[in-house]
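> Next come a sequence and a model predicted from it.
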Amino acid sequence: MNRRLSLFNVTSLVIGFAFLYLPILLLVIYSFNASRLVTVWGGFSTQWYGALFRNQALMEAAWVTLRIALLSATFATILGTLAALALTRYGRFPGRTLFTGMVYAPMVMPEVITGLSLLLFFVAIDLDRGFWTITLAHTTLTMCFVTVVVQSRLMTFDRSLEEAAMDLGAPPMRTFFTVTLPLIAPSIVAGFLLAFTLSMDDLVIASFNAGPGATTLPIKIYSQVRLGLSPEVNAASAILIGIVTLGVISATLISKRSVLRSRRNAH
Amino acid sequence: MGKPWRRQLFLRPEHPRLPGSLSLSGEVQSNCLLPENPLPSAPFAAPSPPWSDPGAVPLIRVENVTKRFGEAVAVDHLSLNIFEGEFFCLLGPSGCGKTTLMRMLAGFEMPTEGTITLAGQNLAGVPPYRRPVNMMFQSYALFPHMSVEKNIAFGLKQDGMPKDQIADRVGEMLRLVQLEKLAKRYPSQLSGGQRQRVALARALAKKPKVLLLDEPLGALDKKLREETQFELMDIQHELGMTFVVVTHDQEEAMTMADRIAVMDHGRIVQVATPGEIYEQPKTRFIAEFVGDVNILEGHVMGQENGLWRVKTASADVPLTIDDPDEVLHSGQAVAIAVRPEKMVIQRDPPGPGAINVLTGEVWDIGYLGDWTVYRVKLATGEIVRVTRANASRFVENPIDWDEQVYVTFAPDAAVILAE
């Protein structure tokens, strides 16, 4: 194969990346705009970041978002890891294929439908919409992503390590905590970060299940933009992008590193 | 420590021989001579090994064990006794059930039928973490997130051994496998041979009643494998522990084991010392699986002076075989198994009264350095393999390709296989 970059390759790379990232880049650039008018460049300034931190409503929304993201990612990680263990470990129980498909369904389900069905559910059980309903809804949404990440690690996990631990006298639970868990930890952390970032930037499901007391940052930004563009929103979005990017990159790096390590040990 | 009995070569079982039995050998080549006197059975006063003592109590008793996976039968009504201090090998081709049997000893699989007892205790329902048995895994299964010393200490920690004692034992194990300098390393920083040693040290650390080794040398290269074979034997001898090894490598089994159980299709075909397995194989499968062998098909003609006469298409004159253990009847179809190194190849025709002569032409010559392998094609089209040790560096007038040659063997060089 020709490994050198040809003109064609370079062009398609540039166009592709431009298509993906130009709008985001524009947003980040305009968050440093000195002008109040969002679409007119008036010189470099960080004033809108300052204004953002003084904006009580936005900061409140950011704090709510962060708490929801942390909580729902934690729940999703625990549940998702357990699901992954059940799917890879406990042989061929009846309905295993169905169960696998059902775990993945929320990934492909339109968010509107997930959001709506959750709303109907919460209404049916008479749960007040607000902080906890969003947290639960996000757990539902992100759990399957954790399962996928952890499951792929468990598939390549050398079972003889667990057998060795048991052979040396460790009962199953201790084997799990001393051998299995430390070795799949990177994938669990990666799953957590993925769940965290998904929860951070979700608008659709959150807006279905939000209540008067709890507005997340994406909802706040969306409603502000409808009233008119403000440079503060640009700044807030830029920070959000930064957090999400950081989350995704570290999730990737962590799982990649663990794959490399397990591969090296296999030899 | 060490075992009370001695590893020994296969000795001819004593049989009453008729006085006239030597009459046939009169004109035979000197290398085909029958022994003038049967060898004394035990020239030294070593105690007899436990497997030949009917009163000995086995350490591991496998009784009529069957293991099925769904429809497939991995182990089929298998019974086996292993004695304390033995180096026991389970040998067989892949899929013969040897690994399943070992996993049942370790507790990873439970027998579908039958019982396994260890030192009098029935192991049914005892989980792996409560068995006084440790295993060395084929993949070594070293914990990648723990250093060498942590790996070795793992089993001791599970027993709640005090810290200073753990440190002592780990040090002792590291010395045993000569890895003192690598205690702080991680498995990914070790070579294959070093990992193998760590795995061994980890499995030995708890001083189990039985050490199970699953293809312990499979991942090592040939040179290292040979060295390690002898090291394993030394360690076993030093600790006086019972070793059960699973292997598909007959050379490995022959080198290390006190006794070998040859398995095929979930059953044991023969349990015997390496010498007996090689020199007195019970079936054609064993003869062919362990070492190289030439098989000649024939029919029994009868017994003369304690020696069997077998008619075969491969030789003009019926063969004379000294295999007194066999109970045969005239006309029975049998196979004659002769090891290549027990055959003699020569250019000159043997004397008129010579026995066991095959004629053919040299088809192939393989020079291995220590040995030369001649493949001789008989008139029947059969290829007979004859090996000759290259005892001197140069041979004058060596046997060459396409030459007409005579292959002879002594009556007691061959084994009759009735099955």
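Perfect, thanks for sending it.
> make it CA atoms for all contacts and neighbour counts henceforth
Noted.
> Wait, residue B:284 touches residue B:416, no?
No: between residue B:284 and residue B:416 there is no contact under CA atoms under 8 Å: 9.4 Å.
> how about the residue in chain B positioned nearest to chain A, what does it touch?
Going by CA to the nearest CA, chain A is nearest to residue B:129 of chain B, at 3.9 Å. Shown in contact with residue B:129 (CA atoms under 8 Å, 6 or more residues apart in numbering or on different chains): A:166-171.
> In those residues, which residue is surrounded by the most others?
Highest neighbour count within the contacts of residue B:129, by other CA atoms under 10 Å in any protein chain shown: residue A:168, with 31 neighbours.
> For it, give its distance to residue B:85.
Using CA to CA, to the nearest Å, we find residue A:168 at a distance of 21 Å from residue B:85.
> can you check residue A:67 too?
To residue B:85, residue A:67 is 63 Å away according to CA to CA.
> How about the residue of chain B closest to chain A: what's its closest non-neighbour residue?
Nearest non-adjacent residue to residue B:129, counting by CA to CA, 6 or more residues apart in numbering or on different chains: residue A:169, 3.9 Å away.
> interface residues of the stretch 151-300 of chain B facing chain A?
Proximity of the stretch 151-300 of chain B to chain A, by CA under 8 Å from any CA of the partner chain, involves residues B:154-156, B:158-159, B:187-188, B:203, B:206.
> Can you select the buried ones from these in ChimeraX?
In ChimeraX syntax, the buried subset of these is picked out as below (16 or more other CA atoms under 10 Å in any protein chain shown):
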select /B:154,155,156,158,187,188,203,206
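> At the geometric centre of chain B, which residue do we find?
Taking CA atoms, centre = their mean, the centroid of chain B lies closest to residue B:254, which sits 3.6 Å from it.
> That one contacts residue B:272, doesn't it?
No: taking contacts as CA under 8 Å, residue B:254 lies outside contact range of residue B:272: 10.8 Å.
> still on that earlier bit, which one of residue B:284 and residue B:416 is surrounded by more residues?
Between residue B:284 and residue B:416, residue B:416 has the larger neighbour count (other CA under 10 Å), namely 29 against 18.
> How about residues contacting the helix or strand hosting that one?
If you go by DSSP states H and E, residue B:416 is part of strand B:414-417. Identification of contacts with strand B:414-417 by CA under 8 Å, 6+ apart yields B:279-284, B:321-323, B:326, B:334-339.
> which neighbours does it have in its sheet, and in what orientation?
With DSSP bridges as the test, strand B:414-417 is paired with strand B:333-338 (antiparallel).
> What residues sit buried inside the partner strand?
For strand B:333-338, a neighbour-count test (16+ other CA under 10 Å) marks B:333-338 as buried.
> Next secondary structure after that strand?
On the C-terminal side of strand B:333-338, the closest following helix or strand by DSSP H and E is strand B:343-346.
> so how far is residue A:229 from residue A:39?
From residue A:39 over to residue A:229 the distance is 9 Å, taken as CA to CA.
> Please identify every residue contacting each of residue B:284 and residue B:416.
In contact with both residue B:284 and residue B:416: B:335, B:337, using CA under 8 Å, 6+ apart.
> Which pair of the residues of the stretch 151-300 of chain B next to chain A spans the longest distance?
Using CA to CA, those span at most 26.6 Å, a distance reached by B:159 and B:188.
> Output the below-cut-off pLDDT ranges for the chain.
Because you didn't say which chain, this covers chain A. A:1-3, A:91-92, A:258-267 (pLDDT under 70).
> switch to chain B, that's the one I care about
Low-confidence segments of chain B (pLDDT under 70): B:1-4, B:6-46, B:419.
> can you list the domain ranges for it.
Structurally, chain B divides into domains by automatic domain parsing as follows: B:55-279, B:292-417.
> Apart from its neighbours in sequence, what residue is nearest residue A:160?
Nearest non-adjacent residue to residue A:160 (CA to CA, 6+ apart): residue B:141, at 5.7 Å.
> Residue A:158 versus the one you found, what's the distance?
For residue B:141, the distance to residue A:158 equals 8 Å [CA to CA].
> And the two? Which one has more around it.
Taking neighbours as other CA under 10 Å, residue B:141 and residue A:158 compare with residue B:141 leading, 22 against 14.
> didn't the more buried one look like it was pressed against residue A:165?
No: Residue B:141 lies out of contact with residue A:165 (CA under 8 Å); the separation is 9.0 Å.
> and chain A, which of its residues are near chain B?
Counting by CA under 8 Å from any CA, the residues of chain A close to chain B are A:158, A:160-161, A:163-171, A:179, A:182-183, A:264-265.
> So which of those residues are in helices?
A:160-161, A:163-167, A:182-183, A:264-265 (DSSP state H).
> Helices along the stretch 51-200 of chain A, start to end?
Using DSSP state H, counting those that start in this stretch, the helices of the stretch 51-200 of chain A run over A:56-89, A:96-108, A:111-124, A:131-155, A:159-167, A:172-175, A:181-200.
> can you tell me how far the nearest residue to residue A:243 once chain neighbours are set aside sits from residue A:184?
Counting by CA to CA, 6+ apart, residue A:243 lies nearest to residue A:197, which is 7.7 Å off, once chain neighbours are set aside. Taking CA to CA as the measure, residue A:197 and residue A:184 are separated by 20 Å.
> go on, residue A:83?
14 Å.
> ok, now which ones touch residue B:249?
Contacts for residue B:249 (CA under 8 Å, 6+ apart) come out as residue B:91.
> Go through chain B and flag its longest helix.
In chain B, assigned by DSSP H, the helix with the most residues is helix B:222-239.
> Helix or strand next in line after that helix, which one?
On the C-terminal side of helix B:222-239, the closest following helix or strand by DSSP H and E is strand B:242-247.
> That next one packs against which elements?
Applying 3 or more CA pairs under 8 Å, 6 or more residues apart in numbering or on different chains; DSSP states H and E, we find strand B:242-247 packed against strand B:87-91, helix B:98-106, strand B:210-214.
> and the helix or strand just after it, what does it pack onto?
Later in the chain than strand B:242-247, the nearest helix or strand by DSSP H and E is helix B:250-256. When contacts are defined as 3+ CA pairs under 8 Å, 6+ apart, helix B:250-256 packs onto strand B:87-91, helix B:222-239, helix B:274-279.
> let's go with 10 Å and repeat that
Other elements packing on helix B:250-256 under the criterion 3 or more CA pairs under 10 Å, 6 or more residues apart in numbering or on different chains; DSSP states H and E are strand B:87-91, helix B:222-239, strand B:242-247, strand B:259-264, helix B:274-279.
> following the fourth one, which helix or strand comes up?
Toward the C-terminal end, the helix or strand that comes next after strand B:259-264 (DSSP H and E) is strand B:267-272.
> Dump that following strand to PDB, restricted to CA.
Extracted in PDB, the C-alpha atoms of strand B:267-272 (Å, rounded to 0.1, in the frame of the first residue of the first chain):
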ATOM      1  CA  ARG B 267      -9.500 -43.300  27.700                       C
ATOM      2  CA  ILE B 268      -6.200 -44.400  29.000                       C
ATOM      3  CA  VAL B 269      -4.500 -46.800  26.600                       C
ATOM      4  CA  GLN B 270      -1.500 -47.700  28.700                       C
ATOM      5  CA  VAL B 271       0.000 -46.600  32.000                       C
ATOM      6  CA  ALA B 272       3.600 -47.600  32.400                       C
END
